[in-house]
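# let's see this in three dimensions:
(chains A, B, C, D, E and F)
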Protein chains: 4
Amino acid sequence: MSGPRFRRRKQDRPQEITAAALAAFAEKGYAATRVDEVAKRAGVSKGLVYLYFKTKEEMFKAVVRSFVVPRIDALIAVIDRSEMSSEDFLRGPFLEFVKTLPRSPVSVVIRLMIAEGHKYPDLRQFYWDNVVSRGLGAITVLLRRGVDSGEFRRSPVTELPHLFVMPVVFSVIFRLLFDAKPEETDTIIETQLDVLIAHMKGASQ
Amino acid sequence: MSGPRFRRRKQDRPQEITAAALAAFAEKGYAATRVDEVAKRAGVSKGLVYLYFKTKEEMFKAVVRSFVVPRIDALIAVIDRSEMSSEDFLRGPFLEFVKTLPRSPVSVVIRLMIAEGHKYPDLRQFYWDNVVSRGLGAITVLLRRGVDSGEFRRSPVTELPHLFVMPVVFSVIFRLLFDAKPEETDTIIETQLDVLIAHMKGASQ
Amino acid sequence: MSGPRFRRRKQDRPQEITAAALAAFAEKGYAATRVDEVAKRAGVSKGLVYLYFKTKEEMFKAVVRSFVVPRIDALIAVIDRSEMSSEDFLRGPFLEFVKTLPRSPVSVVIRLMIAEGHKYPDLRQFYWDNVVSRGLGAITVLLRRGVDSGEFRRSPVTELPHLFVMPVVFSVIFRLLFDAKPEETDTIIETQLDVLIAHMKGASQ
Amino acid sequence: MSGPRFRRRKQDRPQEITAAALAAFAEKGYAATRVDEVAKRAGVSKGLVYLYFKTKEEMFKAVVRSFVVPRIDALIAVIDRSEMSSEDFLRGPFLEFVKTLPRSPVSVVIRLMIAEGHKYPDLRQFYWDNVVSRGLGAITVLLRRGVDSGEFRRSPVTELPHLFVMPVVFSVIFRLLFDAKPEETDTIIETQLDVLIAHMKGASQ
DNA sequence: AATGAATGAGTATTCATTCAT
DNA sequence: CATGAATGAATACTCATTCAT
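Purely as a prediction, here's the structure:
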């Protein structure tokens, strides 16, 4: 008798729904996920979902927005604050971060972007601006720092942060499509990093 | 009123249809492409499409068979016959081949597989068996040859053909999602190859 | 413009739909009846029909359940409760019941089963279990009771409830195919019953 | 070199096709039988089928016409020529004839008539005139002969030849729908005949 | 007479979205 | 806020029928 038995958490609803949507998308992909299914997972009625998200498309966008940007923010923050050498950073926190991605919701979002992104140009732009561009920027900062400190020699590699992200994207796809084992994709990520670092440190002398 | 109703070209039909299907898939993706649409593009009736391809899925497989498998076959054949050094081969024919892919129909198929492959395990298996597995195998042969001849030192890289394919997949996606320019992805592919070769040739410390 | 778009009568819907389905099946048969047609007759959208019945087949089962099974239930109940002599029961309630069938929805269902039953083993099984088997069982009980009481002599007839149902099935078909008049088929049913009873009571002396 | 290797038997074609159609109908029913299937069974092209039968419907009618009438003719002829007593005839040739039916093509036709007959009024009429009416007539002659000779007493049974045909129709359906065993339906047919004969011979009270 | 490539109308089923309550 | 009954557009696949050869 000390309050309503079930708190109607107006505040949390949207997040509960996007979380449910992420889970559903992860299992079935965007097109194959029914709004009904998302509602059921979130424990609400279908009608309520439509109260918060005008269309399924909006829901998709909300999922993308919610689950990736924070990670990028975290990466950028860590890079900014770090006082490690660039190599140590790459081999330590960065590798850790990057090996996490294929196991995280980010993986789902990447897949969703590839599969459906071309239908939603504004989402693509959003994703580029807030995720890809900033992520590549962060890596660029890191590499430049290594070059400036003399740790790395300047080379095409230090101008192509893409090479550092590539194995993540590839791993996500490889696991998605061919059920590759985690160790297998971890090896790919690690080896690529090794190769890149070796190249950047390469005795130019 | 605009020509004979029946054209009777049994021989050409399947290829006309797969070509139309590829075009349609490229524009809309697999799921969003209606069989009706393919038929219209091929200038035939829907019924005829089903005469040649039992299901839409079979049609997709035929597309893969027509437009991707031959390229893999060609690569394998060239590798088999080549008497170039492994490095020369990688920097010559292989690079050429690989730079072609993101501009070719293969790019469409890769995208389709990523986007919708998980719904069609059959297709995935088919693609793995006929394209991925054989492609990786061909590269493995090439690397091994280089190791055996003493050209390359044995290292994780020579055991991971994936690293050579990675930039292609990445480029396809990058162009698809963010309208990356051809030169940009070409640079990625070339640099990756440089780095890998350098590593394989590197002083075995 | 002719009333509220949504009527919201969950309770009645299934029955409204099965009634419409029965009517449609009666006119066209099962296969030739489009779900669209049933929906229109019931005054609802096609989608709603599928909300209540997963498939057309389920819809048919529901028709059987609604319009045939209750009659069998009733017959069984009456037999159980009756304290009449077996002959009186056969000549009274049973004859009445049986003469009703060819004019009832049961007739439609029998025709549907004959015409299309073989395509739907599920349906056949369902019909056997819920209608035929139970109906024959009920008659068997009745006959056995007559034998046990000494009213009837034991003979092949008392072991073959089929003989009592036969004229109903025959009448349904005869009316369906050749527009036989009700009196004609009533005579057939009555005479058959007379003959069977006479035989069971047969002066074995 | 003494003639064409394959004789093109214009004459036999229609019958080959109706035979194939009967077989197909027996297995699948009318609606579920594709014209393609009939053509394949007959070893000809689909086009040729359409040369002989304007529509699938015509083909159906031809099947009905071909496989039943001759049997009725035979029955009538035997009855006409027979000099046996009516009872002996019923228990001998008639029973034999009647037990054959559920195993013969007639069974298929009966089923087809029930399932699809209502769509083809002219076929129904044809079937009535040529099969049912004449069959019932033949039995009537037989019964009347028994009455006239004093073998049977006049009763409703001797006016209702339907009662003698009934178990056949019932058996066809019972076997079709519920996979009844031949012995089971034979028993039904025999018992019914016993009962009827007993009744006709019964002490005229 | 015979073929079989080609047609296209027809249909069960799904699912995002709406709206009366 | 919240529900869930109701809608209807959308789509892969089938098959009787046609007709150029």
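
# let me see the ranges of the helices in chain A.
A:13-28, A:35-42, A:46-52, A:56-67, A:69-81, A:86-89, A:95-100, A:105-116, A:121-127, A:133-148, A:162-178, A:182-201 (DSSP state H).

# I'd say residue A:41 and residue A:24 touch.
Yes - at 5.9 Å, residue A:41 counts as touching residue A:24 under the criterion of C-beta atoms under 8 Å. All C-beta atoms are positioned from the backbone trio N, CA, C, and that covers glycine.

# which one of those two has more residues nearby?
residue A:24 (25 against 18; other C-beta atoms under 10 Å in any protein chain shown).

# tell me the pLDDT of the closest residue to residue A:111 other than its chain neighbours.
Nearest non-adjacent residue to residue A:111, counting by C-beta to C-beta, 6 or more residues apart in numbering or on different chains: residue A:176, 5.7 Å away. You'll see residue A:176 listed with a pLDDT of 85.

# need the contact list for the residue in chain A positioned nearest to chain C.
When scored by C-beta to the nearest C-beta, chain A has residue A:36 as its residue closest to chain C, at 11.4 Å. Each residue near residue A:36 by C-beta atoms under 8 Å, 6 or more residues apart in numbering or on different chains is listed here: residue A:46.

# excluding chain neighbours, what is closest to the spatially most central residue of chain A?
Centroid-nearest residue in chain A, with C-alpha atoms, centre = their mean: residue A:106, separated by 3.4 Å. Here the nearest residue to residue A:106 in space, its sequence neighbours aside, is residue A:68; by C-beta to C-beta, 6+ apart that works out to 5.4 Å.

# gap between that neighbour and residue A:46?
Note on residue A:68: its distance to residue A:46, by C-beta to C-beta, to the nearest Å, is 26 Å.

# returning to that earlier point: these two touch, right, the residue nearest to residue A:106 and residue A:128?
No - Residue A:68 is beyond contact range of residue A:128, at 11.9 Å (criterion: C-beta under 8 Å).

# who has more neighbours, these two?
Ranked by neighbour count (other C-beta under 10 Å), residue A:68 and residue A:128 place residue A:68 first, with 23 against 17.

# need the contact list for the more buried one.
Here residue A:68 is in contact with A:105, A:106, A:109, A:127, A:130, A:131 (criterion: C-beta under 8 Å, 6+ apart).

# count the residues that sit near the fifth one.
Put plainly, it is residue A:130. 16.

# from DNA strand E, how far out is it?
Distance, residue A:130 to DNA strand E, by C-beta to the nearest atom of the strand, to the nearest Å: 24 Å.

# what of the last one?
For residue A:131, the distance to DNA strand E under the criterion C-beta to the nearest atom of the strand works out to 24 Å.

# quick check: pLDDT value at that residue.
Looking at residue A:131, the pLDDT reads 91.

# residues near it, how many?
20.

# quick check: residue A:59 touching residue A:14?
No - between residue A:59 and residue A:14 there is no contact under C-beta under 8 Å: 9.6 Å.

# between the two, which has more neighbouring residues?
Using other C-beta under 10 Å, the more surrounded residue of residue A:59 and residue A:14 is residue A:59, with 24 against 17.

# for that one, which non-adjacent residue is closest in space?
With C-beta to C-beta, 6+ apart as the criterion, residue A:59 has its nearest non-adjacent residue at 4.1 Å, and that residue is residue A:53.
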